[in-house]
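Enquirer: Here is my input, please return the structure:
(chains A and B)
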Amino acid sequence: MNVVAEAPVRTRPDPRSLRGETGVVERPRRRFLPFDPWHLFLAPLAAVMLLPLLWMVVTSLETEAQTFHFPPILWPGTLRFGNYAEVLGQSAFGTWFWNTTVVTVTVVASNLVLCTLAAYAFARIRFLGRTFVYFLILATLMVPLQVVLIPTFLIVKELGLIDRLGALVVPNLVNVFGIFLLTQFFRTLPIELEEAARIDGASRLSILLRIVVPLSLPALATLAVIQFLWTWNDFLWPLVTILTNQDAFTLQLGLATFQGAHNTQWHLVAAANIMSMLPMIVLFLLAQRYFVRGIATQGLKG
Amino acid sequence: MDRFRRFLVSDHAAGWAFILPSVILIFVFGILPILWGLILSFQKAGLISPEREWVGLSNYAKIASDPKARQAAVNTIYYTALFVPTSILVSLFIAHALNRRIAFVRFYRLAVFIPVVTSTIATGIMFLWLFDKNYGLGNWLLGKVGLGPFGFFEDPNQAMIALVLMTVWGWLGFDTIIYLAALQGVPQELLEAASIDGASRWSSFWRVTWPMLGPATLLLVVWSTISALQLFDEVFFVTHGGPLGRTSVVVFYVYRLAFEQGLGSLSLAGYAAAIAYVLFLVILLLTLAQFWLGRRVVHYSS
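Expert: Next up is the predicted model:
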């Protein structure tokens, strides 16, 4: 796989090196230690970064009494997996999980389709107003949701979507960042194949589907994981649009409410929290490369 | 070939057909809110109640004499001033440490990156527990080295610092990925040349590497500042603006006016929209200023 050709911006460094093939200038150094001295910084750093997570796992396996012990009990002895069952029994965790999955899958799928279509047009088709429209929509990237929260809420209210999952889906069906990412990527693809197909009489849609999309799978995967992350973890927008209807709660809303209702039952809150994080962490472990690339690209959009 | 190109040039209908779904959605949910927000800020308006009364600039005038708005501004500036330099300097050091071929480096990177995928609510829960005044691991570990006990989120003087620690933990992975990508773009020939000329590691870092990191640093300063000014989730969930309003930041105050106090008969949405618009203008001006300053200081290699 040619990684460099995927780079949406020419100056992008080789992402291969993010996978452990870096070249720091090697120079002979005196050896005080049987290992690289950087381990003395990196090992404690890794411990600090993982500590909140590991502590949450330990807490989720303790009894309620064990959580109220000081000094803290670092290992509970018998592991109480029953806490997880109790969370599932006491809360609508299944509903929250299902809602979040439906919203996230819909948003990711629609972004893949709509961003691909729009980006292909911006990258390859010359039409009246192309540059103007492209820069106009890119400018909206400068405006965060936080500062237009009230008018956006009012628009969604006018559409009758408040307290419905539609409120979480419809405004996010297309993401300007995705259009930008894919437009930049499509511009790096060689145009000759498309021209040849065009002469052979292929339609634009079939060129897009048969030639451009298969060449763009890494870029599409990057967009998919980043959009998945944003939608799965979003809190502010569900908070303001799902006001009273608990059947439309997402995982983040449900989790926040659950913590509020059980704020001294840390063994249950911890179990709920671990269950909410697990899908995202598993996805991250499976697709780490695309997350890293997505973030490095996000960085380059500015 | 010429005919093909001419055909490409004239293909307005196809282009618009590809972008139309995206353009409609972006207009409704991206551009319309910017305009409506401006209109709202000149009105006395409710979120649910249909009241819309033109009041000119009086919403803006009200901001200056509102002690809670002033407190929110001060808190936001305080948070930003702590968060931006801390997260950037720490992540620069971490990226430098991770940019080498040593054992376990993939594990160390994983540990630093994982908080990037944990949601703000999940992070909030972990730190509420870690920083629990009575039973938290934080007070126990700090007690081991003779510090504390701390009240953390419950102490008016420490709550903001605890929020900074928590959000830095969550952001380090993002900044580190961007710095790591930039570090790997530093040409090895330059470092080798510096080394041959007898430069120490320290001076070759500051004279060669640091200037090459300029674009990445500028980007992170801009991005971290923007996101720090928009802080909301953590404040809403972890401290709810308290204790004593010491963590009430601007977006939280806007939310509170519009969605907590304003849901009933009070018509505070217009005033809240005016505060949000001021924040928007501040973000816009700061971003432009940072880029203007950056162009004069930052070295772009190509």
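Enquirer: What does the pLDDT read for A:Thr22?
Expert: For A:Thr22, the pLDDT comes out at 47.
Enquirer: Buried ones in the strand or helix carrying B:Leu286, by neighbour count?
Expert: Using DSSP states H and E, the element containing B:Leu286 is helix B:269-297. Neighbour-count burial for helix B:269-297 flags B:269-280, B:283, B:286-287, B:290, B:294 (criterion: 16 or more other CB atoms under 10 Å in any protein chain shown). The C-beta positions use only the backbone N, C-alpha and C, and glycine is treated the same way.
Enquirer: And stretch B:39-56, by the same measure?
Expert: B:Leu40, B:Ser41, B:Phe42, B:Gln43, B:Lys44, B:Ala45, B:Gly46, B:Leu47, B:Ile48, B:Val55.
Enquirer: now the third one: how far from A:Gly160?
Expert: B:Phe42 sits at a distance of 26 Å from A:Gly160 (criterion: CB to CB, to the nearest Å).
Enquirer: Same check on the last one?
Expert: Here the criterion is CB to CB. By it, B:Val55 lies 28 Å from A:Gly160.
Enquirer: you'd agree B:Tyr253 is up against B:Arg70?
Expert: No - taking contacts as CB atoms under 8 Å, B:Tyr253 lies outside contact range of B:Arg70: 10.2 Å.
Enquirer: neighbour count winner among the two?
Expert: B:Tyr253 (25 against 12; other CB atoms under 10 Å in any protein chain shown).
Enquirer: which ones are touching B:Glu51?
Expert: B:Lys44, B:Ala45, B:Ser267 (CB atoms under 8 Å, 6 or more residues apart in numbering or on different chains).
Enquirer: Name the nearest of those residues relative to B:Gly30.
Expert: B:Ala45 (21.2 Å; CB to CB).
Enquirer: Need phi/psi at the closest one.
Expert: phi -140, psi 150 (degrees, to the nearest 10).
Enquirer: which strand residues sit across from it in the sheet?
Expert: B:Arg52 (DSSP bridges).
Enquirer: re earlier: report the mean per-residue pLDDT for the helix holding B:Leu286.
Expert: The model assigns helix B:269-297 a mean pLDDT of 90.
Enquirer: who does it touch, helix- and strand-wise?
Expert: Secondary-structure packing of helix B:269-297 (3 or more CB pairs under 8 Å, 6 or more residues apart in numbering or on different chains; DSSP states H and E): helix A:149-158, helix B:32-40, strand B:43-45, helix B:58-64, helix B:214-229, helix B:250-255.
Enquirer: Including mean pLDDT and distance to A:Leu193, could the ones you listed go into JSON lines?
Expert: Below are the helices and strands packed on helix B:269-297 laid out as JSON lines (pLDDT from 0 to 100; distance: least, CB to CB, whole Å):
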{"stretch": "helix A:149-158", "mean pLDDT": "95", "distance to A:Leu193": "41"}
{"stretch": "helix B:32-40", "mean pLDDT": "95", "distance to A:Leu193": "39"}
{"stretch": "strand B:43-45", "mean pLDDT": "89", "distance to A:Leu193": "54"}
{"stretch": "helix B:58-64", "mean pLDDT": "93", "distance to A:Leu193": "56"}
{"stretch": "helix B:214-229", "mean pLDDT": "92", "distance to A:Leu193": "33"}
{"stretch": "helix B:250-255", "mean pLDDT": "96", "distance to A:Leu193": "47"}
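Enquirer: By mean pLDDT, flag the weakest helix or strand of the chain.
Expert: As the question left the chain open, I've gone with chain A. helix A:288-300 (a mean of 80; mean pLDDT, DSSP states H and E).
Enquirer: oops, chain B please
Expert: Result, chain B / mean pLDDT, DSSP H and E: helix B:2-9, a mean of 57.
Enquirer: ok, now how distant is the residue of the stretch 51-200 of chain A found nearest chain B from A:Leu205?
Expert: Closest to chain B within the stretch 51-200 of chain A is A:Phe127: 2.8 Å, counting by CB to the nearest CB. Going from A:Phe127 to A:Leu205 by CB to CB gives 15 Å.
Enquirer: In terms of neighbours, single out the busier of the two.
Expert: Taking other CB under 10 Å, A:Phe127 and A:Leu205 do not tie; A:Phe127 has more neighbours (20 against 13).
Enquirer: Give the full set of residues in contact with that one.
Expert: Here A:Phe127 is in contact with A:Ala121, B:Asp11, B:His12, B:Ala13, B:Ala14, B:Gly15, B:Trp16 (criterion: CB under 8 Å, 6+ apart).
Enquirer: Which one of the residues you listed sits in the busiest neighbourhood?
Expert: A:Ala121 (28 neighbours).
Enquirer: which residue packs closest to that residue, ignoring adjacent ones?
Expert: B:Phe18 (3.6 Å; CB to CB, 6 or more residues apart in numbering or on different chains).
Enquirer: The one you found: what's it in contact with?
Expert: Applying CB under 8 Å, 6+ apart, the residues near B:Phe18 are A:Leu117, A:Ala118, A:Tyr120, A:Ala121, A:Ile125, A:Arg204.
Enquirer: cool, A:Phe186 as well?
Expert: A:Ala119, A:Tyr120, A:Ala123, A:Arg124, A:Val212, A:Ser216.
Enquirer: tell me which element the residue nearest to the fourth one when sequence neighbours are not counted is part of?
Expert: When you say that, I think you mean A:Arg124. Counting by CB to CB, 6+ apart, A:Arg124 lies nearest to A:Phe186, which is 6.6 Å off, once chain neighbours are set aside. Element membership for A:Phe186, per DSSP H and E: helix A:176-187.
Enquirer: hmm, the helix or strand just after that helix touching chain B?
Expert: Note on helix A:176-187: by DSSP H and E, the next helix or strand toward the C-terminus is helix A:192-199. Yes - residues of helix A:192-199 contacting chain B under CB under 8 Å from any CB of the partner chain: A:Glu195, A:Arg198, A:Ile199.
Enquirer: Packing partners of the next helix-or-strand element following helix A:192-199?
Expert: Using DSSP H and E, the helix or strand that follows helix A:192-199 towards the C-terminus is helix A:204-207. The elements that helix A:204-207 packs onto, with contact taken as 3+ CB pairs under 8 Å, 6+ apart, are helix A:192-199.
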